[in-house]
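**Student:** I would like the atomic coordinates for the input below:
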Amino acid sequence: MNIPDTVILADGSFPRHEIPLDTLRKAARIICCDGAAEELIQHGLEPFAIVGDCDSLSQDTVDKYADRLYIDDDQETNDLTKAVEWCHASGYNQLVIVGATGKREDHTLGNISLLAEYSQKVKIIMITDTGIFYPFTESCSIPSSAGQQVSIFSIDPETEITSSGLKYPLNRRKLKNWWEGTLNEATGDQYNLEFDGGVVIVYMKFM
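**Tutor:** Okay, here's the model as predicted:
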């Protein structure tokens, strides 16, 4: 798995699974969403940048990392979006998000749905403690392993999706609700999704 060098650590539950933890350890730069910086530091890692309103940081952290604080108190968006926008403006356009799930289900759903917006500007994935979310803006072939669990979410319920290489094939299927494309399974080392328009978010569970 080819993981980008720039990792955004969101302020959800800090990763426990070895894959997102290893992603953090190997990152060339870690961009922290505000309060996530405190937990990153507690785990012995250094933030490259801290982005957000920064109102949840201790004074010690503010003082120590003053040279890499990027304060954005815009209340019309969340800190994850601020971090993605900062990366994009800084020329970092291949990104991986970790720590974006857990703690609160409403934040989890919001963060996953935002992948659809981010994918219009940057190449991005989200790694959780159970798998990876990939947003796609066009038809694609996706590497997999036989038996790997796959779920498909369509942001636009009018998008028609056709698949091959999945246990339960889709044939010009419109996914009207979030559950309709879940709990599928790859049958080999690759599966294909064909669709025209919209954004499709694919979740693949770790094997």
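**Student:** Pull out the buried residues from stretch 70-88.
**Tutor:** Asp72, Asn78, Asp79, Leu80, Thr81, Lys82, Ala83, Val84, Glu85, Trp86, Cys87 (16 or more other Cβ atoms under 10 Å). Just so you know, the C-beta spots here come from the backbone N, C-alpha and C atoms, and that holds for glycine as well.
**Student:** got JSON lines for those, with secondary structure too?
**Tutor:** Below are the buried residues of stretch 70-88 laid out as JSON lines (DSSP: H, G, I helix; E, B strand; the rest coil):
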{"residue": "Asp72", "secondary structure": "coil"}
{"residue": "Asn78", "secondary structure": "coil"}
{"residue": "Asp79", "secondary structure": "helix"}
{"residue": "Leu80", "secondary structure": "helix"}
{"residue": "Thr81", "secondary structure": "helix"}
{"residue": "Lys82", "secondary structure": "helix"}
{"residue": "Ala83", "secondary structure": "helix"}
{"residue": "Val84", "secondary structure": "helix"}
{"residue": "Glu85", "secondary structure": "helix"}
{"residue": "Trp86", "secondary structure": "helix"}
{"residue": "Cys87", "secondary structure": "helix"}
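**Student:** Would you point out the most distant pair within these?
**Tutor:** Farthest-apart pair in those is Asn78 and Cys87; separation 14.7 Å (Cβ to Cβ).
**Student:** hmm, back to that, if we only consider the buried residues of stretch 70-88, which is nearest to Ser141?
**Tutor:** Nearest to Ser141 among those, counting by Cβ to Cβ, is Val84 at 25.8 Å.
**Student:** how far away is that closest one from Ala146?
**Tutor:** With distances taken as Cβ to Cβ, to the nearest Å, Val84 is found 34 Å from Ala146.
**Student:** ditto for Glu117
**Tutor:** 33 Å.
**Student:** just the helices in the protein please.
**Tutor:** Secondary structure of the chain (DSSP state H): helices at 18-26, 36-42, 59-64, 79-89, 105-118.
**Student:** Need the contact partners of the second one.
**Tutor:** Among residues not part of helix 36-42, those counted as contacts by Cβ atoms under 8 Å, 6 or more residues apart in numbering are 9-11, 14, 24, 30, 32, 46-47, 50, 56-58, 61, 65, 99.
**Student:** All set now, cheers.
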